[in-house]
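Visitor: Okay, predicted coordinates and the sequence, questions at the end:
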Amino acid sequence: MFDLYGVGVTQPWFSDDQASWGPRNRALIKGTDGLDGQERQFLVDVLARPYPQTTAGIPRFFGFDWHSLTFTMKVTPNPYIGESEIFVPRERYYPEDFRIDYNSAIILEYDANSSTGLSVVENPGDMDASTISWNEMNSTIVIQRWSTAIGDHTVQIYPIP
């Protein structure tokens, strides 16, 4: 599955310049100091964007808008087959924190002091907010259980305005 920009399958080399790839060097790290070197931001920024790692259902679309820093995913969920996880490089794209809009039924925002890592901003759909959490160690949003509403569901992640 590819995102909006056709990025989905990549073949980066996680080596530094010692690998001698020549003029087509795709090493993610500059120099010859291994992982202690400076990252090649033009490569890493493209690869380290939000994306679904696992989806309990059928992903219909996902993409990251570089201008608004908004990630959008549409999925036909199966609430009975497990969790879904969305990788979110918070420190890279959302240093001032982020919000999650799930189907316009609930809006959550990052909250380091909350037990789930998220707090409710709005909940017009009266959804159970405990089914969505933030995993700081893995930098992922975890949707433990999708709503049982029929049809495609949309998740958007964006900077706090």
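Guide: Thanks, I have it.

Visitor: drop to CA atoms for contacts and neighbour counts, all remaining ones
Guide: Noted.

Visitor: For this protein, name the helix or strand with the lowest mean pLDDT.
Guide: Taking mean pLDDT, DSSP states H and E as the measure, the chain has helix 41-47 as its least confident helix or strand, at a mean of 69.

Visitor: So which elements touch the helix or strand following it?
Guide: Downstream of helix 41-47, the next assigned helix or strand under DSSP states H and E is strand 51-54. For strand 51-54, the elements it packs on are strand 57-65, strand 84-87, judged by 3 or more CA pairs under 8 Å, 6 or more residues apart in numbering; DSSP states H and E.

Visitor: Strand partners (parallel or antiparallel) of strand 51-54?
Guide: Strand 51-54 has its sheet partners listed here by DSSP bridges as strand 84-87 (antiparallel).

Visitor: Only alpha carbons, please: show the strand it pairs with as CSV.
Guide: In CSV, the C-alpha atoms belonging to strand 84-87 read as follows (Å, rounded to 0.1, in the frame of the first residue of the first chain):
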residue,chain,number,x,y,z
SER,A,84,-4.5,-0.4,15.0
GLU,A,85,-1.3,1.7,15.4
ILE,A,86,-0.3,4.9,13.7
PHE,A,87,3.3,5.9,13.9
